[in-house]
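Enquirer: I would like to see how this sequence folds:
(chains A and B)
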Amino acid sequence: MVSIYVFVLAAFVGVEVISKVPPLLHTPLMSGSNAISGITLVGSLIAAGEGHSGLGVMLGMIAVVFATINVVGGFLVTDRMLKMFKREPAKKN
Amino acid sequence: MNVLAELAYLVASVLFIMGLKMLASPKTARKGNGIAAIGMLLAIVVTLTDQSILDFTYILIGLIVGSGIGLYLAVRVQMTAMPQMVGVLNGFGGGASALVAFAEYMRLSGDPSLSVWRGGDVSLDVLITIVLSLLIGTVTIIGSGVASAKLHGIMRGAPILYPMQKQTNGIMLLAVIVLGVLFVLDPSRWYLLIIIVFLSIVLGVTTVIPIGGADMPVVISLMNSYSGLAGAMTGFIISNNVLIISGTLVGTSGLILTKIMTKAMNRSLANVLFAGVGADYDPTVQAKEERTVIRYTPEDAATIIDGAQSVIIVPGYGLAVAQAQHVLQELVNILTARGMQVRYAIHPVAGRMPGHMNVLLAEANAPYDILMEMDQINDDFQNTDIALVIGANDVVNPAARTKKESPLYGMPILNVDHARTIMVCKRSLNPGFAGENNDLFYDQKTMMIFGDAKETVTKLVQLMKK
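Expert: Below you'll find the model as predicted:
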């Protein structure tokens, strides 16, 4: 039951925080929040580390690969984009 | 799980929220992304040290392979391909959630071969969220794959329609629900989960193929939301709050962006998902139009620009297709150096995903303080000498204001027609995606400059340098 509370309250926090992001940054918002949703990696790690060599662990390992792509790719590409947003016109070469 | 680990997960959640909060300004956004990444690192380290992990072999393999692929994608991707990139990443996140859901089910069953149910009583919410995580996660990975293939041109962008499409999709979804209920009633029936996964794979394909290429921004936003929801469901399964919190944050984020996009496109979500808009769209169809426009040359345009004080540039996706954003920014620099006020007016759907045009212009070194959103700049057109439209069409079509029978009617547009002079760089007079002729092109104060955007702007740069 506590989980439902957390879920509903997090949804409200989400609406509050996300609504304040300007359209200028909506693409980095998507890729950045996307990286955060890679948190499912936590579950993947637990599944992959159970110690036996059954199907469950194999699925866990594939999940770790997927979630890590999501996390690493997401944060890095967001950083690459945000690095480009500058206030002053860039100097000409 | 000990108290310390719980607290660390809480700290990670707070770091995620802080990171997202700092995305509210381009000044703090990069740092915010870094803070969220630190939160992720913390969550991973805590999981590896606290959870009863017996064997690190598969974890290490997974982390190394995943990091390598993620790094490769992030470094190599072109900014124009960002929608596909986000689509693919959404897919991996959703897929991981579905896999964890099934792996956790196998652990709960108490028998790796699934032949006997030794799981005892598993609580109802865990069983329900296993079904939901499998459904949403699988639809996300398959649906994102299809959407990305359409955006990348691997698959035809046009909607693929067949008879009874909505009905069969509806029946499949209903079947998933029925099978899900049967599974919850008796969780030893593992084969029901397999059928659910299979149906979800089919649904991932059949729900995305009827949606046209131009509507993919909405699909990508929606998949973003799904990937978050799948993560939150997995959080319920393994009763981990950090998953529930971050998954839900991303779920709401995706929904908000979906709403913004559909509003800017003047469509309902249902219309985007089910109407198959664009099935009969053919960009080569000539406009049936008796009126004539006057053709101008870049030289004519340069003469007018020479005497102007203020310019607003309206970029559309055609600009990015022609790869003209760099040379356009060069023109902006020349004009600004001459003391002109030059700004960009960015429509919410100018690009292939929310905010895409801003990224493309930022890559071309356009400073972000001249990238104006529609509501900020729309009242300024009337005091502006020149509105320069490049590669945009529907978002500047006055029919959206006046023509009640037009599919564009009611869509928020940029008030380009209020400017003193309008210049339109375009390949032809063909109507835009909505299939509506654009009266703007026939306006008395409009100068049509036909040709490739990059060539035209390059010519303007050469002329203005003199």
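Enquirer: just checking, B:Ala324 touches B:Lys454?
Expert: Yes - between B:Ala324 and B:Lys454 a contact is recorded at 4.0 Å, counting by Cβ atoms under 8 Å. The C-beta positions use only the backbone N, C-alpha and C, and glycine is treated the same way.
Enquirer: Of these two, give the one with the bigger neighbour count.
Expert: A direct count of neighbours by other Cβ atoms under 10 Å in any protein chain shown for B:Ala324 and B:Lys454 places B:Ala324 higher, at 24 against 19.
Enquirer: ok, now how distant is the more buried one from B:Thr384?
Expert: 21 Å (Cβ to Cβ, to the nearest Å).
Enquirer: Please apply the same query to B:Val77.
Expert: For B:Val77, the distance to B:Thr384 - Cβ to Cβ - is 35 Å.
Enquirer: what's around the closest residue to B:Met374 other than its chain neighbours, how many residues?
Expert: In this structure, B:Met374 finds its nearest non-sequential neighbour in B:His347, 5.6 Å apart by Cβ to Cβ, 6 or more residues apart in numbering or on different chains. B:His347 has 22 neighbours, counted by other Cβ under 10 Å.
Enquirer: Over to B:Asp439?
Expert: Other residues near B:Asp439 come to 15 when the count uses other Cβ under 10 Å.
Enquirer: Using the three-state scheme, assign B:Arg156.
Expert: Per DSSP: H, G, I helix; E, B strand; the rest coil, the secondary structure class of B:Arg156 is coil.
Enquirer: Helices of the stretch 101-250 of chain B, start to end?
Expert: For the stretch 101-250 of chain B, the helices defined by DSSP state H, counting those that start in this stretch cover B:124-152, B:165-185, B:190-206, B:216-237, B:241-264.
Enquirer: right, is the third one up against chain A?
Expert: No - Helix B:190-206 lies apart from chain A when judged by Cβ under 8 Å from any Cβ of the partner chain; the minimum separation is 11.1 Å.
Enquirer: tell me which residues form a beta bridge with B:Met423?
Expert: Beta-bridge pairing of B:Met423 under DSSP bridges involves B:Leu388, B:Met447.
Enquirer: and it, how many neighbours does it have?
Expert: So B:Met423, with other Cβ under 10 Å, has 27 neighbours.
Enquirer: check contacts around it.
Expert: Neighbouring residues of B:Met423 by Cβ atoms under 8 Å, 6 or more residues apart in numbering or on different chains: B:Tyr296, B:Ala301, B:Ile304, B:Ile386, B:Ala387, B:Leu388, B:Val389, B:Thr446, B:Met447, B:Ile449.
Enquirer: Same question for B:Ile449.
Expert: B:Ile449 sits in contact with B:Arg295, B:Tyr296, B:Thr297, B:Pro298, B:Asp300, B:Ala301, B:Met423, B:Val424, B:Cys425, B:Lys426, B:Thr456, where contact means Cβ under 8 Å, 6+ apart.
Enquirer: where in the chain is pLDDT low?
Expert: No chain specified, so I'll use chain A. Low-confidence segments of chain A, defined by pLDDT under 70: A:51-53, A:89-93.
Enquirer: that answer is for a different chain, and I need it for chain B
Expert: Ranges of chain B meeting pLDDT under 70: B:1, B:278-290.
Enquirer: mind giving me the domain split of it?
Expert: According to automatic domain parsing, chain B comprises the domains B:1-76, B:86-274, B:298-465.
Enquirer: is stretch B:354-372 up against chain A anywhere?
Expert: Yes - part of stretch B:354-372 sits near chain A under the criterion Cβ under 8 Å from any Cβ, namely B:Pro354, B:Gly355, B:His356, B:Asn358, B:Val359, B:Ala362, B:Glu363, B:Asn365, B:Pro367, B:Tyr368, B:Asp369, B:Leu371.
Enquirer: Chain A: helices as residue ranges?
Expert: Applying DSSP state H to chain A gives helices spanning A:2-19, A:26-37, A:41-48, A:55-82.
Enquirer: Most tightly packed of those?
Expert: Ranked by mean neighbour count, the helices of chain A are led by helix A:26-37 with a mean of 31 (mean count of other Cβ atoms under 10 Å in any protein chain shown).
Enquirer: Against which helices or strands is that one packed?
Expert: The helices and strands touching helix A:26-37, judged by 3 or more Cβ pairs under 8 Å, 6 or more residues apart in numbering or on different chains; DSSP states H and E, are helix A:55-82, helix B:3-22, helix B:29-50, helix B:82-109, helix B:216-237, helix B:241-264, helix B:356-363.
Enquirer: Pull the contacting residues for residue 30.
Expert: Here I'm looking at chain A. Taking Cβ under 8 Å, 6+ apart, one finds B:Val86, B:Ile220, B:Ser221, B:Asn224, B:Ser253, B:Gly254, B:Leu257, B:Met353, B:Pro354, B:Gly355 in contact with A:Met30.
Enquirer: looking at chain B here, not the other one
Expert: B:Arg30 touches A:Asp79, A:Leu82, A:Lys83, A:Phe85, counting by Cβ under 8 Å, 6+ apart.
Enquirer: Could I get the contacts of A:Met30 in a markdown table, plus columns for neighbour count?
Expert: Output for the contacts of A:Met30, formatted as a markdown table (neighbours: other Cβ atoms under 10 Å in any protein chain shown):
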| residue | neighbour count |
| --- | --- |
| B:Val86 | 32 |
| B:Ile220 | 31 |
| B:Ser221 | 27 |
| B:Asn224 | 33 |
| B:Ser253 | 30 |
| B:Gly254 | 28 |
| B:Leu257 | 29 |
| B:Met353 | 28 |
| B:Pro354 | 29 |
| B:Gly355 | 29 |
